[in-house]
Every structure is written in C-alpha cells, then in structure tokens.
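Q: for reference, the sequence and a predicted model appear below.
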Amino acid sequence: MSIVPDARVAGHEGASPAHVQSARSDMGTAHGVDQGRNRTIRLLVFTSLYPNAAQPRHGIFVEERLRHLVDSGRVAATVMAPVPWFPLRHRRFDAWATFARVPECEERYGIRVLHPRYPVIPKVGMNVAPSLMYRALLPVARTLVTNGTFDLIDAHYLYPDGVTAVRLGAAVDKPVVITARGSDVNVLPQYRSPARQIRWAATQAAAVVTVSQALKSKLAAMGATSGKLAVLRNGVDLDRFRPLGQGAIRTRLGLAGPVWLTVGHLVELKGVHLVIEALTQFRDIVLLIAGGGPEGRNLRSLARRLGVDSRVRFLGAIPQDDLCAYYNAADALFLASSREGMPNVVLESLACGTPVVAAPFESATELITAPEAGEVAEFRTPEAIAAAWRRLDSRRPERAATRRFAERFGWAPVVEAQCALYARVLADDKIAQGTAP
C-alpha cells in the first residue's frame, strides 16, 4: 500500500464551550499566555493536506482553521504543503498529473504557501514515506529557520506528515504540535510500521491535538503521552453558514416536498449508497448529492436499479461559498459514514439551521447531543437511517433552535484555545532551553 495525500481526504461564543474545555483542562494553563497575547506566534504549518491552485478543495479544513488564526492578529504563518514529485502534466496520468500542475509557491488569502516536492514509491512507499519526505524537505526547513520565518511547527495528520514534522523539528531545534484528524488514528495504525512511527511521533511532539474525544482515547490507548493530548474540535464560520430564506431557495432550485442532502467525497466509507437505499422507503422525498468521486457511477447505477433515480440529483462538487444555499434548502443533512474524525459538514449544516441524521460513527454522539441537532441512527443500515429520519420528521425542530445549538461551535473559542496551547508550548521550550526570562 502506498500513501499519497488524496488517499486521506475522506469539526459559539461563551465562557468555555465544550469543544475547547478539554484543551484547557488536559494541557493546563499556558505559561506566559498574557505575554503571548502581545507577541505574534510564528508558525510553519506543515501538511500535505492543503488547498492549491490545482486542487482548490484539498484539505480545505486545514486552511479554514489557519485563516481564522491569522485573522485574529495573534498568529503569522508560512505553509509548507509538499506534494509528490511527478514529471508529466498530461491528464492521462490522473492524480499524478495533478501533482505536477501544483505551483512551487503561491499565496492564498495573504498566506505564503510553499509546495516542495518529495519522492513517492507507488505500492511499496507507505513504510518509507516519512523518511523520503524528511530527506527532501529538510533543506527547505533549514532555509526557513535561517531566514527567521518560524518558531513552531504546526503539523496536520499524524502519518506521514506528523512523523516527518517531528524529525524536522528535532533537526532544526523547533517544537512541534501535531493535529490528528481521523484516518491517521482510525485506519493507519492497523499497519505495523505506521503504528510504531505514529506512536513515536505522538510521544516526541510537544503536544498532540485531536479533533474529537474518540480520537484522543484511541491515541491514549496506543500509548501516546496523555499529558500531551488535547481535544480541540473544528469550528464553523457562523457568518458564511447561516439560515436563509428556505422557500426562495427551494423555488430557485426547483424543489418541493421533503429534501435530503449529502455533502462529501463519493467514496464507499461515506455511505451515500445507504442513504439512497433508505430513500426507497419514502415516496415523496428528493435527495441532493453534493460532491464527486470514484463511487459516482456506481451510485447512479444504484439509484436506477432501485427506481429512485428521478428523485436523486447528483450536483457534483459545489464551491464552498455556494454550499450554504443547499444546506438551507434541505430538511436534513445525512451522513452515513463508517468513520469520521470531526466532520465539518455537520457543523456547517447545523449553522444553517438544518438538523443532521448520522450513522453511529464515534464522533457523531459528540456533536449531535440535543434534539434540535438531529438524530443518530441505531445502526449503519438503510433501515436504521430511515427510522432516524422518521424520528426527526415527527418532531421537526425549529431551524432557529438548531442554529442556536450550532453557535457554540464558532471559531472564536477555538482560536483562543489554540493560541493558548501554542503559547504554552513555546514557553515550555524556552524553559527547556534555558532562555526563559
């Protein structure tokens, strides 16, 4: 098995909301936080999960968090988002040609993004990916240190990115924070070598952030140092995703009657096929499927075979700024995944006032904690998903109540907790190096 970035792509206001409390309690109060408020935290964000000119939606959740950190005025950032080396851009080479079309350097939302290349060995490169990445990127990291670009490495995804980041941090004498996001904990530790390297990186990093309590528990069970683990769930942009006039949007989209929505990459683990099968139990519901991917053709065939193709609309990939309208048009978002880290689509839907019907993946119960948020199916089956919809439809929560529930997940407390964690890590690093005042 080889590992390339695409294989991994598929989380309000108040004194101390639930999705940041654990970061404060687990990590303790940051040393020098007050001083940190007046000092810019300079990050090198290290991840191969980051949007670029050729892949504008690749790892958009990482960029979203970084934009809010930078907009706070407390963080400055340079992004190192490496891509596999490939010499040919012809489309016949599919994803590999896309890598070749990624620019070496670009600017996104005022943030400098570097895309250095690293070698990947197809089919056999999984175990050696961190070493190949490290050797290719160490000269770039050293140049950035020489230029005084950063004080801390902020890595996303434990393998191979987090493992590589820890090695780079040791080589250039900078602390490392890693964010674990889902399959790097749920899937990759099934392989012996990645599991060993993930465990090592989690113990060597200054801190490890997880986007759900379930991921934190799994890392702790693997042997990660519990005192270094913190839960910091994703936030949602409450201005971009907000309630709109449902009637007008439905008229514009030509919709009437109950509307279901799925949003995400069309791969088996997302369970869109289960939602289509659940649709057969109802006569008047329309299903909107937003997203593209390798399962698209199979899903169209399934809808035809089940006789519901006239009620299923395949929308393709929808730009982020246009998703709000579709969330508002729907009566519920359906997410039938077999596993998730902390799905942003749930937060976005709730922020628009649209409740969620979810399969019982672990983090679902961390998000859907009130009647107005939606329903978690008892099982990951079409029958259980249909039953969850019937329960939700029987009470029809007010959209305003669903929006109020979502307001606890805004970005402001996430930024506050993240900056406090960075400040603690930097203060502890100065103490360790004997340079603290």
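A: Sure, I can see it. Residues are numbered from 1 along each chain as shown.
Q: need the three-state assignment for residue 179.
A: strand (DSSP: H, G, I helix; E, B strand; the rest coil).
Q: which strand residues bridge it?
A: residue 156, residue 209 (DSSP bridges).
Q: from memory it sits against residue 165, does it?
A: No - here residue 179 does not reach residue 165: they are 10.5 Å apart, not a contact under Cβ atoms under 8 Å. (Glycine included, C-beta is placed from N, CA and C.)
Q: quickly run through the sheet partners of the helix or strand hosting residue 287, with directions.
A: Taking DSSP states H and E as the criterion, residue 287 maps to strand 286-290. Paired with strand 286-290 in the same sheet, following DSSP bridges, are strand 259-263 (parallel), strand 312-316 (parallel).
Q: need the ones you listed in JSON lines (columns: mean pLDDT, mean neighbour count and distance to residue 54).
A: What follows is the strands paired with strand 286-290, written out as JSON lines (pLDDT from 0 to 100; neighbours: other Cβ atoms under 10 Å; distance: least, Cβ to Cβ, whole Å):
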{"stretch": "strand 259-263", "mean pLDDT": "98", "mean neighbour count": "24", "distance to residue 54": "22"}
{"stretch": "strand 312-316", "mean pLDDT": "98", "mean neighbour count": "16", "distance to residue 54": "18"}
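Q: quick one: the strand holding residue 287 to chain centroid distance?
A: Computed by Cα atoms, centre = their mean, to the nearest Å, the chain-centroid distance of strand 286-290 equals 22 Å.
Q: contacts for that strand?
A: 255, 257-264, 266, 272, 275-276, 279, 299, 308, 311-318, 323, 326, 329-330 (Cβ atoms under 8 Å, 6 or more residues apart in numbering).
Q: three-state assignment of the residue nearest to residue 138 when sequence neighbours are not counted?
A: Among residues not flanking residue 138 along the chain, residue 171 sits closest, at 5.9 Å (Cβ to Cβ, 6 or more residues apart in numbering). The local conformation at residue 171, judged by three-state DSSP, is helix.
Q: what's near enough to touch residue 171?
A: 138, 141, 142.
Q: so the first one makes contact with residue 168?
A: Okay, so that is residue 138. Yes - with contacts counted by Cβ under 8 Å, residue 138 reaches residue 168, the gap being 6.3 Å.
Q: and these two? Which one has more around it.
A: Between residue 138 and residue 168, counted using other Cβ atoms under 10 Å, the more crowded position is residue 168 (24 against 15).
Q: which helices and strands does whichever helix in the chain runs longest pack with?
A: Longest helix in the chain by number of residues (criterion: DSSP state H): helix 411-433. Helices and strands touching helix 411-433, by 3 or more Cβ pairs under 8 Å, 6 or more residues apart in numbering; DSSP states H and E, are helix 18-27, helix 33-37, strand 41-46, helix 60-71, strand 152-156, strand 176-180, strand 207-210.
Q: span of stretch 375-386 from start to end?
A: Distance between the two ends of stretch 375-386: 11 Å, counting by Cα to Cα, to the nearest Å.
Q: my guess is residue 308 contacts residue 280. True?
A: Yes - look at residue 308 against residue 280 with Cβ under 8 Å: they come within range, at 5.8 Å.
Q: show the subsequent helix or strand relative to the strand holding residue 287.
A: Next along the chain after strand 286-290, taking DSSP H and E as the criterion, comes helix 296-305.
Q: mind listing what's buried in that following helix?
A: For helix 296-305, a neighbour-count test (16 or more other Cβ atoms under 10 Å) marks 296, 299, 302, 303 as buried.
Q: any weak-confidence spans in this protein?
A: Residue ranges of the chain with pLDDT under 70: 1-38, 123-125, 435-437.
Q: so residue 308 and residue 280 - more neighbours on which side?
A: Between residue 308 and residue 280, counted using other Cβ under 10 Å, residue 308 has the larger neighbour count: 19 against 14.
Q: quick one: the residue positioned nearest the centre of the chain from residue 208, how far?
A: Taking Cα atoms, centre = their mean, the centroid of the chain lies closest to residue 61, which sits 4.6 Å from it. Counting by Cβ to Cβ, to the nearest Å, the separation of residue 61 from residue 208 is 17 Å.
Q: do the same with residue 316
A: When distance is defined by Cβ to Cβ, residue 316 is 36 Å away from residue 208.
Q: what's near enough to touch residue 163?
A: Neighbour list for residue 163: 130, 197, 198, 200, 201 [criterion: Cβ under 8 Å, 6+ apart].
Q: wait, I meant residue 235
A: Counted by Cβ under 8 Å, 6+ apart, residue 235 has contacts 11, 19, 65, 68, 347, 409, 410, 411, 412, 413, 414, 415.
Q: nearest to residue 374, of these?
A: Closest approach between those and residue 374, by Cβ to Cβ: residue 347, at 12.0 Å.
Q: could you dump the contacts of residue 171 to JSON lines with distance to residue 80 and secondary structure?
A: Below are those laid out as JSON lines (distance: Cβ to Cβ, whole Å; DSSP: H, G, I helix; E, B strand; the rest coil):
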{"residue": "138", "distance to residue 80": "11", "secondary structure": "helix"}
{"residue": "141", "distance to residue 80": "7", "secondary structure": "helix"}
{"residue": "142", "distance to residue 80": "12", "secondary structure": "helix"}
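Q: reformat those as CSV; add distance to residue 235.
A: Output for the contacts of residue 171, formatted as CSV (distance: Cβ to Cβ, whole Å):
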residue, distance to residue 235
138, 33
141, 28
142, 33
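Q: just the closest of those residues to residue 404, please.
A: Nearest to residue 404 among the contacts of residue 171: residue 141, at 44.8 Å, using Cβ to Cβ.
Q: what about the closest one, how many neighbours?
A: Neighbours of residue 141 using other Cβ under 10 Å come to 25.
Q: what's the closest non-adjacent residue to it?
A: Using Cβ to Cβ, 6+ apart, the nearest residue to residue 141 is residue 168, at 4.9 Å.
Q: next, the angle from the helix or strand hosting the one you found to strand 41-46.
A: Mapping residue 168 onto the secondary structure by DSSP H and E places it in helix 163-172. If you take axes from the mean of the first three to the mean of the last three Cα atoms, to 10 degrees, helix 163-172 sits at 130 degrees to strand 41-46.
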